[in-house]
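Undergrad: Attaching a predicted model along with its sequence, questions to come.
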Amino acid sequence: MTDNGSLAAATWAQVELARHPDRPYALDYIHALFSNFFELHGDRLYGDDHAIIGGPAAFDHRTVMVIAQQKGRTTAERAMRNFGMANPEGYRKALRLIRQAERFQFPIFAFVDTSGAFPGAGAEERGIAWAIAENLVALAQARVPIVTLVIGEGGSGGALGIGVGDRLLMMEHSIYSVAMPEACASILWRDIARKVEAAEALKLTAADLKRMGLADEIVPEPAGGAQTDYGVAADAAGAALRRHLGELEGLDVDQLLEQRYQRYRRIGAS
Amino acid sequence: MFRPKTRYVALPSPRAGVGEEVDRLTCPKCDTSLEPARLTAALGVCYRCGYHFRLRAPERIAMLVEPGSFNEEDQAITAKDVLGFKDSQPYTRRIEQSRATTGANEAVSWGEATLAGHRIVIVCLDFAFMGGSMGAATGEKITNGIERALQGRVPLLIISASGGARMQEGMLSLMQLAKTAAALGRLGAAGIPYISLLTDPTMGGVTASFASLADVIVAEPGAMIGFAGARVIQQATYETLPEGFQTAEFLWQHGMIDLVVPRPELPAVIRQLLDLYTRDGFHSDFELKGQARAAAQAAAHIRP
């Protein structure tokens, strides 16, 4: 095997770890980290999307707003959660929660874990792109601190639709990509079999994103991956969320928003 | 479409005697003959099939707030027949009849109360008074309640049970939709939490105004909730309506409400919400927190 080949194989191992079926999902982190989570439902427009969940929760004696992408564990739950791929209703529910967080001055914690927004005809008819786009603006302007944690897969615009914020943290074995390797191989080479090559080319591991200055911190996972010990993974995640939120809460809100603007403004600036 | 006959149950309350007393009851859903005492102990939920009987406003308030903590306001405000309206009988006579049967001057009661240590403003509609319809006086009392919550910076709980706008007051009634919505706009802008509880039935202009404008909307199981009634829709469009159309569960599936909560779990769920929205998510009573969580989980059984 060439160096490139073994590098690609190592990257692919990361992709598979990020998608490990036993990996802790958003609700596993939520139940470990928050004592009083109250799930809110519905976008008030069309439906309730179980691929995106959220609601107020207690964290260190304050209320935070949790917004998360949730995959299913069993076959029935996977179907119910649409394999973690949200429809427009999920993003519109998230928007409702973003507005509510602002109204009550709850900091936002976002847990990202999706291979992408749902690629379906109904999603297109109901404006999936419009729903995601509106969230990007809402999150950029929300007058509360926002900490984003990628726990598994960060897939494209579907991840970013709840993923804009003041901090981007990534679990050690999570990935975040402009498109999933399969989709990228299909788009560029019309050959899904070249997904391993695509995965390496995309630079999508937590370490890659940290190196590029896009991720602020890599949250360590227990040896072998978060699926080996949920408690250790959740403790590390909680400690990172607590520390970053603490830093952000020290800032004046206008300063916070300016920093958030500059955070994205400088990406790719010459 | 089958609709149960309106039946109310009297619950133990500091204002006993206000509710309708009944000797024997038959559940409109499962046809079981029910013992009133047992039904009362079950908070008006059929102990066979879970059917939720309608409650009068005083019983509803007593069920939720700390005993003796409710200070009712605006009891003297009452409907006026501005239009000289007459259908099968004059509006003035309808008002008198409703007053006589309910012992109240309007279809809504409001005041401050405490719930698990939280000061709140509670506004409760009463379907027994002219179908809970919203006239000018009704809208005025509701708006007064909203404004009190705003002035006192205390959370607002509105319990709806209404056929909608009151036809007998014409446009004065319609404008109460705008009035209550405008007041809630101010409440929302001030960051005061508002919880809306929808009970059977919540229809028309009430759904199209204050009832749906809350931060968190919960509903009782089986409650009929909507804008246009099923009969109106069928007559206008000849559409066959789906099973369970306009029930609380139907609305939950369509993203309109946050949760369907069985009546016995309402106090714990509302308390949990008040904790999260006012006390920075934390309180020291872990026992009740466990109960509240159990209630929320039990209520999640309708999840597909």
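TA: Received it, and whenever you're ready, just let me know what you need.

Undergrad: so who does residue A:24 touch?
TA: Applying Cβ atoms under 8 Å, 6 or more residues apart in numbering or on different chains, we find residue A:24 in contact with A:151, A:226-227, A:230, A:233-234. No exception for glycine: its C-beta is placed from N, CA and C like everyone else's.

Undergrad: hmm, which two among those residues are most spread apart?
TA: Across the contacts of residue A:24, no pair lies farther apart than A:227 and A:234, at 12.2 Å, counting by Cβ to Cβ.

Undergrad: So for those two, which residue has more residues nearby?
TA: Between residue A:227 and residue A:234, counting by other Cβ atoms under 10 Å in any protein chain shown, residue A:234 is the more crowded of the two (19 against 16).

Undergrad: Can you give me the distance of the more buried one to chain B?
TA: Distance, residue A:234 to chain B, by Cβ to the nearest Cβ, to the nearest Å: 18 Å.

Undergrad: that older thread, so of the contacts of residue A:24, which ones are in strands?
TA: Among these, DSSP state E puts residue A:151 in strands.

Undergrad: Just give me the closest of the contacts of residue A:24 to chain B.
TA: Among these, residue A:234 lies closest to chain B (Cβ to the nearest Cβ), at 18.0 Å.

Undergrad: The residue nearest to the closest one when sequence neighbours are not counted and residue B:101, how far apart?
TA: Spatially, and ignoring its direct neighbours in sequence, residue A:234 is nearest to residue A:32 (3.6 Å; Cβ to Cβ, 6 or more residues apart in numbering or on different chains). For residue A:32, the distance to residue B:101 equals 54 Å [Cβ to Cβ, to the nearest Å].

Undergrad: Which residue, neighbours along the chain excluded, lies closest to whichever residue of the stretch 101-250 of chain B sits closest to chain A?
TA: Here the residue of the stretch 101-250 of chain B nearest chain A is residue B:191; by Cβ to the nearest Cβ that distance is 5.2 Å. Leaving aside its chain neighbours, residue B:191 sits nearest to residue A:103 (5.2 Å; criterion: Cβ to Cβ, 6+ apart).

Undergrad: Figure out the helix or strand that the one you found lives in.
TA: Assigned by DSSP states H and E, residue A:103 belongs to helix A:88-104.

Undergrad: what residues are up against residue B:107?
TA: Listed by Cβ under 8 Å, 6+ apart, the contact set of residue B:107 reads B:98, B:125-127, B:129-135, B:138, B:162.

Undergrad: Okay, and which of the residues you listed map to strands?
TA: Residues of the contacts of residue B:107 located in strands (DSSP E): B:125, B:162.

Undergrad: If you rank the contacts of residue B:107 by neighbours, which is first?
TA: Using other Cβ under 10 Å as the neighbour criterion, residue B:134 leads the contacts of residue B:107 with 33 neighbours.

Undergrad: What residues of stretch A:76-83 count as buried?
TA: A:81-82 (16 or more other Cβ atoms under 10 Å in any protein chain shown).

Undergrad: picking that back up, which one of residue A:32 and residue B:101 is surrounded by more residues?
TA: Shown here are residue A:32 and residue B:101; by other Cβ under 10 Å, residue A:32 has more neighbours (15 against 11).

Undergrad: So that one sits against residue A:230, correct?
TA: Yes - the pair residue A:32 and residue A:230 qualifies as a contact (Cβ atoms under 8 Å) at a distance of 6.6 Å.

Undergrad: Check whether the helix ranked longest in chain B comes near chain A.
TA: For chain B, the helix with the greatest residue count under DSSP state H is helix B:170-189. Yes - under the criterion of Cβ under 8 Å from any Cβ of the partner chain, chain A is reached by helix B:170-189 at residue B:188.

Undergrad: Distance from the chain centre to whichever helix or strand comes after that helix, please.
TA: Sequence order places strand B:194-202 as the next helix or strand after helix B:170-189, per DSSP H and E. In terms of Cα atoms, centre = their mean, to the nearest Å, the centre of strand B:194-202 is found 4 Å from the chain centre.

Undergrad: Which other helices and strands does strand B:194-202 contact?
TA: If contacts are counted by 3 or more Cβ pairs under 8 Å, 6 or more residues apart in numbering or on different chains; DSSP states H and E, strand B:194-202 sits against strand B:54-55, strand B:156-162, helix B:170-189, strand B:216-219, helix B:266-278.

Undergrad: what residues are up against the residue in the stretch 151-270 of chain A positioned nearest to chain B?
TA: The nearest approach of the stretch 151-270 of chain A to chain B comes at residue A:249, 12.7 Å away (Cβ to the nearest Cβ). Residues in contact with residue A:249 (Cβ under 8 Å, 6+ apart) are A:107, A:145.

Undergrad: Could you measure from the residue in the stretch 101-250 of chain A positioned nearest to chain B over to residue B:216?
TA: Closest residue of the stretch 101-250 of chain A to chain B, Cβ to the nearest Cβ: residue A:103 (5.2 Å). Noted for residue A:103: a distance of 12 Å to residue B:216, by Cβ to Cβ.
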